[in-house]
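Trainee: After the sequence you'll find the predicted model.
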Number of protein chains: 2
Amino acid sequence: MSNDIYDMYASIFKALAHPTRLKIIELLATHGEMCVCNIGEKLNIDQPSVSKHLSVLKNVGIIESKKQGLTVNYKIRMPCVVDFLRCANEVIKADLNDKFALSRKMIAEIKEEK
Amino acid sequence: MSNDIYDMYASIFKALAHPTRLKIIELLATHGEMCVCNIGEKLNIDQPSVSKHLSVLKNVGIIESKKQGLTVNYKIRMPCVVDFLRCANEVIKADLNDKFALSRKMIAEIKEEK
DNA sequence: TTCCTATATGCTAATATTGGAATATAGTTA
DNA sequence: TAACTATATTCCAATATTAGCATATAGGAA
């Protein structure tokens, strides 16, 4: 496959590689359509930041916008992002459980050595 | 939800936000388990680069490794990455089709104006 | 028209990521 | 043991991303 397609994929992941943008996506996933000001209020972020993050997500096709009078409404256009987040969450949870179990075991071993 | 979980999500996406690492994932998805040297050969990348990219993917739990004698074999641990790539591909294709149709339309209009 | 409100963009210093070359490590074989 | 092979790590200059602030634009109301 051509190199360009991998650059396109990478730019999608790059757009997703920011905690604030992921919060925005979760917000849009649960609330459906939202305007810039409401996103900023909910996440407690200043307006220019919200606009910039939204434009990053929009440029790669993850979300889309619709102008309605003064406000601009954004919504998710790539629902698989939400599916992926759900799956990643499972993996993260499993990892944390493993680490927790390991530390419990190590603590138990230290106690036994006494 | 706590901020940390979004940082974890973001670090997963950050790991995926590189064309070479996506190529590695596709390779592992189609070939199953592979050692560092075979990945390097297939993608024509020097060994230290491959190792570095693999460690980025491993650190966030996307892939896992198993030592067998001298070689280290890597395989995918988060299959939803592959699902997501498939879905992203659909969106990218649709976007390209739209752009192509638009440029055809514009060319037709320019011809009509003559 | 002027004012107001919602949104977008530009600028810049601080920070993070990358690629490439050199080097280190850890098993394996002789 | 010494030499070899596969893999990992370190260092650094170049490049990209970010946060924060200031400013621009566009549509609606007065």
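Mentor: That came through, no problem.
Trainee: Can you name the residues of chain A sitting close to DNA strand C?
Mentor: Residues of chain A lying close to DNA strand C (Cβ under 7 Å from any atom of the strand) are A:35-37, A:47-48, A:51-52, A:54-55, A:65, A:70-73. No exception for glycine: its C-beta is placed from N, CA and C like everyone else's.
Trainee: can you tell me which of these are in strands?
Mentor: If you go by DSSP state E, the residues of chain A next to DNA strand C have A:35, A:65, A:71-73 in strands.
Trainee: Looking at those, which is nearest chain B?
Mentor: Set against chain B, the nearest of those by Cβ to the nearest Cβ is A:Ser65 (15.1 Å).
Trainee: Please look at that closest one and A:Ser51 and confirm they touch.
Mentor: No. Because the distance of 10.4 Å does not satisfy Cβ atoms under 8 Å, A:Ser65 is recorded as not touching A:Ser51.
Trainee: Can you give me every residue that contacts the spatially most central residue of chain A?
Mentor: Nearest to the geometric centre of chain A sits A:Leu22, at 2.1 Å (Cα atoms, centre = their mean). A:Leu22 makes contacts with A:16, A:85, B:6, B:9-10, B:13, as judged by Cβ atoms under 8 Å, 6 or more residues apart in numbering or on different chains.
Trainee: for chain B, what are the nearby residues on chain A?
Mentor: Applying Cβ under 8 Å from any Cβ of the partner chain, we find that chain A lies next to chain B at A:3, A:5-14, A:16-20, A:22-23, A:61, A:77-78, A:80-81, A:83-85, A:87-89, A:91-92, A:95.
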